[in-house]
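Undergrad: Predicted model and sequence follow; I will ask about them next.
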Amino acid sequence: MHQPTARKDPPSLQPTTWRELKPAQRRAGLAAWLGWLFDGLDMHLYTVIAAPFVAQLMMAASPSDPTVKTHSAYIQAAFLIGWALGGAFFGRIGDLLGRSKALSLTVLTYALFTGLGFFAETWWQLLIFRFLAALGIGGEWAVGSSLLSETWPKKWRPWIAAVLQTGVNLGVLLAALTTYLLASYPPRYVFLVGILPAFLVFWIRKAVPETEEWHAARKEVNDKPPKIADLFKGKTRKITILTIVVCSTSLTGWWAFMFWNTQFMRSLPDLAAWAPADRERLVSTAFSLVIGSSILGNFFAGWLAKTVGYRFAIMTLFLGFVCTVFGTYGIARDHESLMRWIPLVGFCSGVFGLFTMYLPPLFPTLLRTTGAGFSYNIGRFVSAGGTIFFGLYSNVSDLRHALFLTGVLFIPAAIAMFFMPDLEDSR
């Protein structure tokens, strides 16, 4: 399929400092970063308070009740499925209507339905709200990353990826801080904080213009964009399939770790005598350690990509996941030992920051948000099944064994990544 091309400045004319960036580029960068920040906030508000809130909704005696564990997994699975559908749906919207309009719609969607989680009275109502919120969160990734890949200088991409992913990490830290500060309140109150991103929409619609590359591509095809089926035709087919494999395996491993590690820590024998509020504060602190180390991992990943290229950088960090997950859960540990090990797992998650700048340019301009959104977020379907599987597995054995197995998933991810092109080869 012919890929429309837009006029680009030669390397000698591309900005090399912040001051040389155009105002529109700066606003696009800020809009995407804020979108990522609130994305991380709304994404993880439920993750941190899942067990106690679901226990409350189900009127269960304890968050460790097996039925609570199962239903909280169902809710998280619905969220991941919504994320996948949202990535595909809003990805298509981004190619049809433009990046700026689609970005506004995604932020408004996840802010509204995260806030509605406050009003949930049953576990299935919470499941619906989380599913709908996830539509916007999944879409924001594809639209925001495409917006920046089309507006910012190419040589800056590894560092842009690190900064964007740091926005997500800071949003997750805000989620942990929210639950920490509201530990004495009913869990539902944390969802009210998730409404804040809605106010960002008004600024985006006014300040962020559509990209020149998108406009040029639309004109070149006479406003008749390619179809979704074109993702599986020609050279694009290989990219689509490999991206699905890479994202499905790696995201399943990461999300299983992020979701079940908090549940695992609550069940540690040395915390059994702790007061519930103290236990929740420890869980929030552990969560913050993981995300704090992720921020360092983002910039290490950016440096590695500048040094050896995207492909080998991503492969290296996948193998890092294998080693750190096996080391963390290979033997029984108390909470003090876990607090030293789990930041190492978080450090490797810097690999997902590279996805933001690596994946979109692999696809033709008018399939960019569609392709990146579909291929990346289709992994959420697999992640949803993986989240339930690892949760149900723990009913037979324990969560440490299930978490140990998540490390295996990064092996096929690294193998599939070996067959992916370097970014320069795809343009």
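TA: Received, thanks.
Undergrad: Contacts only, for Phe90.
TA: Contacts of Phe90 were listed using C-beta atoms under 8 Å, 6 or more residues apart in numbering, and they are 102, 105-106, 135-136, 138-140, 142-143, 369, 373. (Each C-beta comes from the backbone N, C-alpha and C, glycine too.)
Undergrad: can you tell me the helix or strand for it?
TA: Per DSSP states H and E, Phe90 falls inside helix 66-97.
Undergrad: Show the average pLDDT along that helix.
TA: The average pLDDT for helix 66-97 rounds to 84.
Undergrad: Could you give the separation of that helix from the chain centroid?
TA: Relative to its parent chain, helix 66-97 has a centroid offset of 11 Å by C-alpha atoms, centre = their mean, to the nearest Å.
Undergrad: Report all helices and strands that the helix or strand just after that helix contacts.
TA: Per DSSP H and E, the first helix or strand lying C-terminal to helix 66-97 is helix 99-115. For helix 99-115, the elements it packs on are helix 23-57, helix 66-97, helix 123-149, helix 190-193, helix 200-207, judged by 3 or more C-beta pairs under 8 Å, 6 or more residues apart in numbering; DSSP states H and E.
Undergrad: in stretch 114-127, what's buried?
TA: Of the residues in stretch 114-127, 114-118, 120, 123, 126-127 count as buried by neighbour count, 16 or more other C-beta atoms under 10 Å.
Undergrad: Thought Ala175 was touching His44, still the case?
TA: Yes. Checked against C-beta atoms under 8 Å, the pair His44 and Ala175 is within contact range at 4.1 Å.
Undergrad: okay, those two: which has more neighbours?
TA: Of the pair His44 and Ala175, Ala175 is the one with more neighbours under other C-beta atoms under 10 Å, namely 27 against 24.
Undergrad: and the more buried one, helix, strand or coil?
TA: Recorded secondary structure, Ala175: helix (DSSP: H, G, I helix; E, B strand; the rest coil).
Undergrad: Run through the helices of the stretch 301-427 of the chain in chain order.
TA: Secondary structure of the stretch 301-427 of the chain, counting by DSSP state H, counting those that start in this stretch: helices at 310-329, 335-348, 351-358, 368-396, 399-406, 410-418.
Undergrad: Out of the ones you listed, flag the one nearest Leu97.
TA: Leu97 lies closest to helix 368-396 among these, at 10.1 Å (C-beta to C-beta).
Undergrad: for the closest one, what is the average pLDDT?
TA: Confidence for helix 368-396, expressed as mean pLDDT, is 67.
Undergrad: Contacts for stretch 314-324, please.
TA: Contacts for stretch 314-324 (C-beta under 8 Å, 6+ apart): 246, 250, 253-254, 297, 301, 304-305, 308, 341, 344-345, 347-348, 350-351, 354-355, 358, 407-408, 410-411, 413-414, 417-418.
Undergrad: where are the low-confidence patches of this protein?
TA: Low-confidence segments of the chain (pLDDT under 70): 1-18, 61, 223, 379-397, 424-427.
Undergrad: try it again with 50
TA: The chain contains residues with pLDDT under 50 at 1-12, 396-397, 425-427.
Undergrad: ok, Phe287 - how many residues close by?
TA: For Phe287, the neighbour count with other C-beta under 10 Å is 25.
Undergrad: check which helix or strand covers it.
TA: Following DSSP H and E, one finds Phe287 within helix 276-308.
Undergrad: what comes up buried for that helix?
TA: For helix 276-308, the neighbour count (16+ other C-beta under 10 Å) marks 279-280, 282-284, 286-302, 304-305 as buried.
Undergrad: Ok, stretch 305-323 next?
TA: Within stretch 305-323, the residues that count as buried by 16+ other C-beta under 10 Å are 305, 309-311, 313-318, 320-322.
Undergrad: tell me the two of the residues you listed that are most distant?
TA: The span of the buried residues of stretch 305-323, defined through C-beta to C-beta, is set by Gly309 and Val322 at 20.5 Å.
Undergrad: measure Asp270 to Phe264 for me?
TA: Using C-beta to C-beta, to the nearest Å, Asp270 is found at 13 Å from Phe264.
Undergrad: ah, wrong one, I meant Arg27
TA: For Arg27, the distance to Phe264 - C-beta to C-beta - is 42 Å.
Undergrad: Pull out the buried positions in stretch 54-61.
TA: So stretch 54-61, judged by 16+ other C-beta under 10 Å, has buried residues 54-57, 60.
Undergrad: Also stretch 155-164?
TA: Buried residues in stretch 155-164, counting neighbours by 16+ other C-beta under 10 Å, are found at 156-164.
Undergrad: what does that stretch rub up against?
TA: With C-beta under 8 Å, 6+ apart as the test, stretch 155-164 has contacts from 11, 14, 29, 32-33, 36, 144-145, 148-149, 152, 298-299, 301-303, 305-306, 310, 350, 353-358, 423.
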